[in-house]
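Chemist: Structure for this input, please:
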Amino acid sequence: EVQLQASGGGLVQAGGSLRLSCAVSGLTFGNSAIAWFRQAPGKEREGIACIVSDNDDTVYSDSVKGRFTIASDNAKNTVYLQMNSLKPDDTGVYYCNLASRAGDYWGQGTLVTVSS
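Modeler: Okay, the predicted model is just below:
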């Protein structure tokens, strides 16, 4: 069974930093793309960062570019999202997603709250 376990959320003041982790079990990273999405209260889920496992190519949304960094540790089957210069607008539930030939999988989400 493929499972994605997201962790690292919490309460932080504006300007602060958090690092989210997404631990993947039941599937190796090869030939896959791992992405972070977030859903703010009352808004639709949006994709904010993605990394391709085979070549570490990354893509970011304009809303987080320059502040967030996605990275993968293939040996640990874990993807990280380093979030710096956090803003209240970054508040939401953050989800990790893995897309591969084997299927499309979601983690359970971790809550990030940024206070002003």
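Chemist: So what's the residue count around the nearest residue to W106 once chain neighbours are set aside?
Modeler: Closest residue in space to W106, ignoring its immediate chain neighbours: N97 at 5.4 Å, by Cβ to Cβ, 6 or more residues apart in numbering. To be clear about C-beta, it is placed using only N, CA and C from the backbone, and glycine gets the same treatment. Look at N97: counted by other Cβ atoms under 10 Å, it has 20 neighbours.
Chemist: Please report the distance of Y105 from G10.
Modeler: Computed as Cβ to Cβ, to the nearest Å, the Y105 to G10 distance reads 24 Å.
Chemist: more crowded one of these two?
Modeler: With neighbours defined as other Cβ under 10 Å, Y105 and G10 compare such that Y105 has more, 19 against 13.
Chemist: looking at it, the more buried one is touching A35, isn't it?
Modeler: No: in this structure, Y105 is not within contact of A35 by Cβ atoms under 8 Å, at 11.0 Å.
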